[in-house]
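Undergrad: Below: sequence and its predicted model.
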2 protein chains.
Amino acid sequence: MSSERLIYLPLGGAGEIGMNAYLYGYGKPDAERFILVDLGVTFPDMDGTPGVDLILPDMTWLKERADRLDAIFITHAHEDHVGAVAHFYRDLGAPVYARAFTANIARRKLTEHGHPETAVRTVSAWPEQINAGPFKVGFLPISHSIPESAGLVIDSPQGRVIHSGDFKLDPTPIVGEAFDPELWAEVSKGGVRALICDSTNVFSPDPGRSELSVGPAIEELVSEARGMVVATTFASNVARVKTLAEAGHRAGRSIVLLGRAMRRMVEAAQETGVLSGFPTVISPEAAQDVPRENLMLLVTGSQGERRAASAQLARGKYNGLEMKEGDMFLFSSKTIPGNERGVIRIINAFSEKGVDVVDDSAGRYHVSGHANRPDIERLHDIVRPQMVIPMHGEHRHLREHAKLAIARGYQSSVAVNGMMMDLSGNAPTVAEFIETGRTYLDGSVKIGAMDGVVRDRIRMALNGHVTVTVILDEDDDLLGDPWCESMGLPETGNSNASLVEVLEEDLGQFIGRATAKTMKDDDKLEEALRRLVRQSAQTEIGKKPEVTVVISRMR
Amino acid sequence: MSSERLIYLPLGGAGEIGMNAYLYGYGKPDAERFILVDLGVTFPDMDGTPGVDLILPDMTWLKERADRLDAIFITHAHEDHVGAVAHFYRDLGAPVYARAFTANIARRKLTEHGHPETAVRTVSAWPEQINAGPFKVGFLPISHSIPESAGLVIDSPQGRVIHSGDFKLDPTPIVGEAFDPELWAEVSKGGVRALICDSTNVFSPDPGRSELSVGPAIEELVSEARGMVVATTFASNVARVKTLAEAGHRAGRSIVLLGRAMRRMVEAAQETGVLSGFPTVISPEAAQDVPRENLMLLVTGSQGERRAASAQLARGKYNGLEMKEGDMFLFSSKTIPGNERGVIRIINAFSEKGVDVVDDSAGRYHVSGHANRPDIERLHDIVRPQMVIPMHGEHRHLREHAKLAIARGYQSSVAVNGMMMDLSGNAPTVAEFIETGRTYLDGSVKIGAMDGVVRDRIRMALNGHVTVTVILDEDDDLLGDPWCESMGLPETGNSNASLVEVLEEDLGQFIGRATAKTMKDDDKLEEALRRLVRQSAQTEIGKKPEVTVVISRMR
């Protein structure tokens, strides 16, 4: 019996929605050859990651084993699947395989970061297969909310694994291939060891709706609008962008694309041939000469992002264009949990301008890109794998998905980031726990989520900051007075005196009473002054600030 | 003709949901006598108000005119209506009127802050009327999600105004009075000049459901549960707490109340006689001897608040009780926009423990406390006022509500915080704009939202902080080296050297080259050093930190 094993190790995307990175390996333990499926990012927020620019999966473990990585496969061009490719290009060094549209996006990312675009290789859809170490990998088209999404057929010496990618079962996706149940059944008929499967919408009880179904409602809405129409959706949802543009075109409106991602996605889709027949687009400059009732803007910022076109328009003029009373703004999108505040801020800003805002609260102008519960079950039953491993979900989604699979007779188990699963047996088993986490791109530097940097920033945000400076002479006596400066704290506290002056006085008194031993020892003195400032501030303002103590000794 | 006027001035709650504070006035311009309706708070968040403890309406304008304030009326005991009463007790000095349950809660708040509880006076329901300057005010019972909610009948020399308070039209509210359309029609039949009306659910198209309707679904769910059952809802929703407790009781479970607000609300409701027949409650200690399948906990924290009982149970043991695989957690609540992340965090933590979480996504276990669009229209048509002024809503709600009223033939206008409306004529007109905003309770200090304190904290959270210390001698020459300390920044940057050392070296070089003029001038030198540190950090780490510069001169 061989001691080789087939392993699956999520490094991102399992136990969260975002920063997908799934590793597959085959070989003897600790000598497996690897392929990586997807390498995405997730987005920071003020709550937990203030000041962070982007959140990347933690590739420390894989970097140390980069010589065993044969290839990276990208299932589709969403940021949470492709967004980290350029950031780890140097560390991982493996070739990147993707279908044409995804490859186009990946190449733009690499060249922006000064890397050669030749690192990305374009692959045709199934039945083409790429040899990558012990694996042969093919891209099986599946519908999603972006062109050319693919599941992966991963053949190993221990049989076939199917990685669903993000998917929905759409017979009429407008752009890109329809879901082809016969093809998926054909590929699965020889037996599938494991289906690694999207869990996002496992809590949605009804079958998903086709992209085609939103067209008529959007067309009706746009045809009835009187002023300027502005619509937002994820730019990568090229089918939706096309539906919106066509609705505008049929209503006699000129189409304007606003926001970098909007132009880039339409461009990439046209370059790679997945999008054709898109209405003529005019520039924002040209649009200024068109009557507003003959304009339709398609803009970025469906999630209320502060710098995107929608937020800019909510604040005022953007690219020379401005929304006015009687105009309409359409969210052809769903608000991702956590983004509500930003979206609501924009809606209220439009309301103040007299702009009518239409959103998807009645379910007319948007459909999800993910398979709902019955669709997930349908895919299980088409593929009929030996085991189902839920991915692309928070813990609650993975758990529910595993319960669903088990109820239908499949082996299943929840595997979260860092859990290396051995798929060689009849059921998935945990082979190892890998220490993994998140990497923050912070300005131009990568920092670990556990480095304490962001924790200190959060503390300053909650507690404010005080700088204490004391200068001591050779005899450890104070030269001048202690000096305080505060940032992010009220100027006066409960005693109605200046906070900084109260702190300075308390510091002066403390130093006057301090023992020679304390005054001699920088660490001890620093700690004592910090504690004093925190206590004194607590009395004055009911808050214990973060404190930086600088002790200078004149010798 | 008299020059007296009847005015309405929202100081909170109009253009936002939260911190309600509505002022009514009657008299000659700038000599009106006032009554204040509600005095609530709103809650801070990390996004915009990190470190803030509570957000209060800005009472600056009213404080300067406190001698003209005759009374404060509180419609109901929700925090966004009563929460600021104690915080402005000294500044405003007017008596507080409320019905018994609300008065009970208000008194608890005052005594907690060391104020006399006699400031609060209990009023019976209509037809009792309180004389307050030129006004006569009565409490007209209306259903809501808390006991004894009331609309206010405000009689002035220019006729009757009705302030709806928060309301729904519930014929079977479980606790408290049912909505009585005959009473409202009777009170309105002599003519109502203005209806100031709740707008919260104006975007909900279907008629609201009664509190009674959730009982059967909850009872079914609880009766089928096997392990321990834990349910959360707003503690102030005493009817829901009762429904939950009764479902537990009928399923043979002992009831435990966890969380301070939960115990306080049930206690207040029992003390004031609005709640009777509540099942016997056992203590958390006693619960430890009861088999878990015979327990039902009713806990605080339906919005995912970090310190509430739900979050504590998600993290581990709380009051000796712990959730385990096979237990059930029920959110008998709706997540308020902005709180999604906290709620989802808890759900995933329970998922990791194997706890089954049930929420209201299917609409079975919760009903709203606010009137939906058809209910709002129904109240308009019962009261038949000359004008409708929407309140209790963000701008989008107020605007939609005004459109609705106008479409049905009422005069209406959007009035946001700070807009003083003259209600004396046939239609509402803007009399004046009052400068108003928000007051932050920060630790033990009240600060203005525009003071810049929180802005500086947000900047530190986004950019980190650097302290620069330089000591100069009498000739403006450097004594020792410049000294930097950083907080919330990576230790090393792009050059792989210590960030602080790079900054110190750049500072040293700069000072070596600086002109005598710069070195002499503290302001100039400080600004130059700050700019240098920010530029140098930008190169090293791609971030411009906040900088505190301390220049000490030895003389």
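TA: The structure has been received and is ready for your questions. Just so we're clear, the structure is a prediction, and the values are computed from it rather than from any experiment.
Undergrad: Next, count neighbours for the closest residue to chain B within the stretch 151-300 of chain A.
TA: Using CB to the nearest CB, the point where the stretch 151-300 of chain A gets nearest to chain B is A:Phe203, with a distance of 6.9 Å. (C-beta placed from N, C-alpha, C; glycine too.) Summarising burial for A:Phe203: neighbours were counted as other CB atoms under 10 Å in any protein chain shown, giving 16.
Undergrad: Now for it: which residues touch it?
TA: Residues in contact with A:Phe203, defined by CB atoms under 8 Å, 6 or more residues apart in numbering or on different chains, are A:373, A:396-397, A:400, B:361.
Undergrad: same thing but at 7 Å, please
TA: The contact partners of A:Phe203, by CB atoms under 7 Å, 6 or more residues apart in numbering or on different chains, come to A:400, B:361.
Undergrad: Same question for A:Ala309.
TA: A:258-259, A:299-301, A:318.
Undergrad: Enumerate the residues of the stretch 1-150 of chain A near chain B.
TA: Taking CB under 7 Å from any CB of the partner chain as the test, the list of the stretch 1-150 of chain A residues beside chain B reads A:46-47, A:50-51.
Undergrad: Columns pLDDT and neighbour count on top of those residues, output as a markdown table?
TA: What follows is the residues of the stretch 1-150 of chain A next to chain B, written out as a markdown table (pLDDT from 0 to 100; neighbours: other CB atoms under 10 Å in any protein chain shown):
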| residue | pLDDT | neighbour count |
| --- | --- | --- |
| A:Met46 | 93 | 19 |
| A:Asp47 | 92 | 15 |
| A:Pro50 | 97 | 24 |
| A:Gly51 | 97 | 25 |
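Undergrad: Could you list which of these belong to helices?
TA: Using DSSP state H, no member of the residues of the stretch 1-150 of chain A next to chain B falls in helices.
Undergrad: just the residues of the stretch 401-550 of chain A that are near chain B, which are they?
TA: A:442-445, A:447, A:453, A:456-458, A:460-465, A:467, A:469, A:471, A:479-480, A:483, A:485, A:487-490, A:493-494, A:541-543, A:546, A:548, A:550.
Undergrad: Please enumerate the helices of the stretch 251-400 of chain A.
TA: Across the stretch 251-400 of chain A, reading from the start of the chain, the helices by DSSP state H, counting those that start in this stretch fall at A:260-271, A:284-287, A:309-315, A:340-353, A:373-383, A:395-407.
Undergrad: Show me what the second one is packed up against.
TA: Same thing as helix A:284-287. Under the contact definition 3 or more CB pairs under 7 Å, 6 or more residues apart in numbering or on different chains; DSSP states H and E, helix A:284-287 sits against strand A:254-258.
Undergrad: to the chain's geometric centre, what's the distance from the strand it packs on?
TA: Distance, stretch centre to chain centre, for strand A:254-258: 26 Å (CA atoms, centre = their mean, to the nearest Å).
Undergrad: cool, and stretch A:74-89?
TA: Per CA atoms, centre = their mean, the displacement of stretch A:74-89 from the mean C-alpha position of its chain is 10 Å.
Undergrad: Contact partners for A:Ser333?
TA: For A:Ser333, the contact set (CB under 7 Å, 6+ apart) comprises A:232-234, A:302, A:360, A:366.
Undergrad: the helices in the stretch 451-555 of chain A, which residues?
TA: All helices of the stretch 451-555 of chain A, identified by DSSP H, counting those that start in this stretch, fall at A:453-463, A:499-513, A:516-520, A:522-541.
Undergrad: before we move on, the earlier item: can you tell me which of the helices of the stretch 251-400 of chain A is most buried?
TA: For the helices of the stretch 251-400 of chain A, the largest average neighbour count (mean count of other CB atoms under 10 Å in any protein chain shown) is found in helix A:309-315, namely a mean of 23.
Undergrad: Distance from it to the middle of the chain?
TA: Shown here is helix A:309-315, whose average C-alpha point lies 22 Å from the average C-alpha point of the whole chain (CA atoms, centre = their mean).
Undergrad: I am finished for the moment; much appreciated.
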